[in-house]
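Student: next come a sequence and a model predicted from it.
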Amino acid sequence: MTCLAQTDRPMTDQSPSAPITQDVMTIPRRLPEGGRVNLVGLTREQFRDALIAAGTPEKQARMRVGQIWQWIYHWGVRDFAAMTNLAKDYRALLADRFEIALPEVVTRQVSADGTRKYLLRIAGGHEVETVYIPEENRGTLCISSQVGCTLTCSFCHTGTQKLVRNLTAGEIVGQVMVARDDLGEWPVPGAPKDETRLVSNVVLMGMGEPLYNLENVRDAMKVVMDGEGLSLSRRRITLSTSGVVPEITRAAEEIGCLLAVSFHATTDEVRDRLVPINKRWNIETLLAALRDYPRLSNSERITFEYVMLKDVNDSDADARRLVKLIAGIPAKINLIPFNEWPGAPYERSDWQRIEAFADIVHKAGYASPIRTPRGEDIMAACGQLKSATERARKSRASIAAEAGLPRP
Ligand code: SAH
Ligand code: SF4
């Protein structure tokens with residue numbers, strides 16, 4: 001599994017000790033007066049309202065949503081003219097008022113191991129990255145929820161970008177559709193049904209903190225989960241959070257997908273430094289929210305992500321504390337070898353250390369897979385992404401200072 005949590009960390013005055021903010025721009029879903037409304041990312045209810053506003057009789061609206069929805073999300077059609085079960089003049093009306101628009105693919109790179117990385121341009125000229133990781137009999141798409149991130153985890157390259165904005169629901173769903181386009185995964189009418197899906201799983205582990213963009217992420221996932229369209233079950237979607245505690249319950253109730261948590265430390269002292277949001281919601285508060293999650297979301301277990309940082313969080317004592325802390329929570333622990341980036345104030349733990357840590361966790365009864373970096377040759381592995389537009393790197397010294405480490 002890969003995540004794309006790192007872009008070059010730009011200059012910012014937001015240090016871990018500064019208050020954690022979520023001042024991000026949210027761009028309006030609708031286009032200005034006279035513009036065409038993008039149908040991608042609208043929930044069924046919003047879709048229906050949009051059709052009615054465009055003159056569709058209320059009585060027909062539900063049926064029309066169903067028909068158009070299938071064209072867009074089941075067949076992957078982008079042209080209203082091809083929606084042959086609709087009257088011609090209605091198709092013309094749709095084309096006049098709406099569009100089916102996806103983020104623009106700026107570059108696409110394919111790794112020797114088959115991993116694909118897409119650099120996508122979205123409204124305002126911003127760029128985000130999406131990574132597709134093929135596996136045996138399945139494939140995982142790692143998608144972004146924000147441009148940049150307002151949080152400043154000291155091991156993560158995304159950190160804060162000069163400009164952070166929430167992705168719209170359309171831009172989030174659009175990432176899934178772009179990948180299906182590129183993989184040629186839309187069904188062909190009349191062809192036998194292929195049960196093996198290329199994009200079989202989605203992880204919200206790209207750029208951004210999904211729980212700081214909960215409404216758009218929720219709406220996007222509603223579209224992705226809809227059984228008459230993209231039809232990915234909620235058990236094939238994993239949302240990763242750094243620990244935005246108040247939104248965890250909402251995510252359980254309103255999305256109900258699987259949850260991963262960037263845990264990374266076993267004491268508040270260390271977690272404060274690695275994941276500064278811990279200063280607002282500490283380990284105990286986070287664990288209390290996590291204990292409720294499986295029941296509220298009806299999901300089986302929570303994934304604890306744990307990045308292995310040499311001499312920081314990787315001791316046997318850490319492993320033992322970890323299993324004690326999470327006792328009683330149905331869990332799996334994903335050990336992520338740290339991916340270094342220029343100026344990073346940490347090093348990856350030695351392989352033997354990672355294995356010894358995994359062993360303790362495993363013996364305590366938890367699955368403890370060590371995540372193999374994928375797509376390293378195209379800089380698509382965990383923490384290797386960069387979006388060129390918002391790039392401006394901090395000095396080694398300021399990164400170290402923020403992490404509370406001695407100056408390099
Ligand atoms: N903001 C969310 C989701 C994106 S980060 C979150 O923090 O959970 C996805 C995962 O990549 C997180 O577990 C994050 O901690 C991890 N990650 C970030 N930088 C990394 C690095 N340099 N090496 C390995 N994993 C990293
Ligand atoms: Fe990186 Fe996630 Fe922390 Fe944001 S919350 S800085 S994306 S690890």
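Tutor: Yes, it's here. Numbers count the residues shown, from 1 in each chain. Ligands and ions are numbered 1, 2, ... in the order given.

Student: now for this structure, the helix or strand with the poorest mean pLDDT.
Tutor: helix 396-402 (a mean of 48; mean pLDDT, DSSP states H and E).

Student: show me what the residue nearest to the spatial centre of the chain is bridged to.
Tutor: The structure's the chain has its C-alpha centroid closest to Leu204; by CA atoms, centre = their mean the separation is 2.0 Å. Beta-bridge pairing of Leu204 under DSSP bridges involves Leu239.

Student: and it, what is it in contact with?
Tutor: Ile143, Ser145, Pro210, Val217, Ile237, Thr238, Leu239, Ser240 (CB atoms under 8 Å, 6 or more residues apart in numbering). Every C-beta, even on glycine, is put in place using the N, C-alpha and C of the backbone.

Student: got phi/psi on Pro192?
Tutor: phi -60, psi 150 (degrees, to the nearest 10).

Student: let me redo that: Asp49
Tutor: Dihedral angles for Asp49 - degrees, to the nearest 10 - are phi -60, psi -40.

Student: and it, what pLDDT?
Tutor: pLDDT recorded at Asp49 is 97.

Student: those residues of the stretch 151-300 of the chain touching ligand 2, which are they?
Tutor: Within the stretch 151-300 of the chain, the positions near ligand 2 by CB under 6 Å from any ligand atom are Leu151, Thr152, Cys153, Cys156, Thr158, Gly159, Gly208, Glu209, Ser242, Ser262.

Student: show me which of those residues neighbour ligand 1.
Tutor: Answer for these near ligand 1 (CB under 6 Å from any ligand atom): Cys156, Glu209, Ser242, Ser262.

Student: among those, who's most crowded?
Tutor: Using other CB atoms under 10 Å as the neighbour test, these are led by Glu209, with 29 neighbours.

Student: surely it and Ser145 touch.
Tutor: Yes: with contact defined as CB atoms under 8 Å, Glu209 counts as touching Ser145 (7.2 Å).

Student: got the contact list for Thr266?
Tutor: So Thr266 contacts Ile283, Asn313, Asp318, Arg321, Leu322, Leu325 (CB under 8 Å, 6+ apart).

Student: spell out the secondary structure type for the fourth one.
Tutor: It stands for Arg321. Classification of Arg321 using DSSP: H, G, I helix; E, B strand; the rest coil returns helix.

Student: quick one: it and ligand 2, what's the gap?
Tutor: According to CB to the nearest ligand atom, to the nearest Å, Arg321 and ligand 2 sit 21 Å apart.

Student: give me the nearest residue to that residue, chain neighbours excluded.
Tutor: Thr266 (3.9 Å; CB to CB, 6 or more residues apart in numbering).

Student: for ligand 1, see how far away the one you found is.
Tutor: Taking CB to the nearest ligand atom, one finds Thr266 at 15 Å from ligand 1.

Student: how about that residue, phi and psi?
Tutor: phi -120, psi 0.

Student: and the strands in the protein?
Tutor: Counting by DSSP state E, the segments of the chain that form strands are 37-38, 98-99, 104-110, 116-122, 126-135, 138-142, 146-147, 165-166, 201-204, 237-241, 258-262, 302-308, 331-337.

Student: comparing those strands, which comes out most buried?
Tutor: Among the strands of the chain, strand 146-147 has the highest mean neighbour count (mean count of other CB atoms under 10 Å), at a mean of 27.

Student: partner strands of that strand, with direction?
Tutor: Short version: by DSSP bridges, strand 146-147 pairs with strand 165-166 (antiparallel).

Student: quick one on the thing from earlier: between the contacts of Thr266, which is closest to ligand 2?
Tutor: Comparing these against ligand 2 with CB to the nearest ligand atom places Asn313 closest, at 14.0 Å.

Student: spell out which parts of the stretch 51-200 of the chain neighbour ligand 1.
Tutor: Cys149, Phe155, Cys156, His157.

Student: for the closest residue to Tyr293 other than its chain neighbours, give me its contacts.
Tutor: In space, and not counting its chain neighbours, Tyr293 is closest to Ala252: 5.1 Å by CB to CB, 6+ apart. By CB under 8 Å, 6+ apart, the contact list for Ala252 reads Leu259, Asp292, Tyr293, Leu296, Ser297.

Student: report how many residues lie close to the fourth one.
Tutor: If I follow you right, that is Leu296. 15.

Student: got the confidence number for the spatially closest residue to Lys332 that is not a sequence neighbour?
Tutor: The shortest distance from Lys332 to any non-neighbouring residue, by CB to CB, 6+ apart, is to Ala367 (4.4 Å). Note on Ala367: pLDDT of 95.

Student: ok, Ala367 touching Ile333?
Tutor: Yes: the criterion here is CB under 8 Å, and Ala367 meets it with Ile333 at 7.1 Å.

Student: name whatever forms a beta bridge with Arg348.
Tutor: Leu309.

Student: which single residue of the stretch 51-200 of the chain ends up nearest ligand 1?
Tutor: Taking CB to the nearest ligand atom, ligand 1 has its nearest neighbour within the stretch 51-200 of the chain at Cys156, 3.6 Å off.
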